[in-house]
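In: Model the following, please.
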Amino acid sequence: SAKLGDMGLASRWPLTATHPPLSTHHLAAGTPLYLAPERRRVLLSPEEEEEGDDVSMDASPPCDIYSLGVVTAEVFGAFATAMERATVLDGLKREAAAAAAPPREDTVRVRAQRIPTRAAEALALRMLATRPSARPRPEAVARQARAEGR
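Out: So this is what the prediction gives:
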């Protein structure tokens, strides 16, 4: 059986006497690939935070759902190479971001399925939504995963 652990690393590290400042910014920890876009902005570029952003200074369930979306794509992708994994994940993230943007008349969205399981790909895309409020709630993810027998 598989087990997934969350180490809680996608948070700010307060600067203390034992961790002297390298600059005037807080340090960030975690793997950027799994970091939700709103956390990336807050942690890596806090000065760019916009008024009314769907963003919290603290990690939240939608941040975890985003990370789980990346893991879902990785598990069901069965990638042969690290480059294939990076290309597919980048494509899924771009598609999720494009879905949040207003459609343009000159844009035609045609693409091949990236993950062999359609249901897993659809779920991963919803979990990778750019806006936290557009991501499914944890109970919806668990319900769909149980329904798929995974």
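In: State the number of residues packed around Ala98.
Out: 13 (other CB atoms under 10 Å). The way it works is simple: take the backbone N, C-alpha and C, and place the C-beta from them, glycine included.
In: That one falls within a strand, correct?
Out: No - counting by DSSP: H, G, I helix; E, B strand; the rest coil, Ala98 is not part of a strand but helix.
In: That one and Gly91, how far apart?
Out: Separation of Ala98 from Gly91 (CB to CB, to the nearest Å) stands at 10 Å.
In: got it, and Arg137?
Out: Arg137 is 25 Å from Gly91, by CB to CB.
In: Neighbour count: the two, which is higher?
Out: Gly91 (14 against 11).
In: Could you give the backbone dihedrals for the more buried one?
Out: phi -60, psi -40 (degrees, to the nearest 10).
In: And it, how far from Gly5?
Out: 27 Å.
In: what does Glu121 give?
Out: For Glu121, the distance to Gly5 - CB to CB - is 24 Å.
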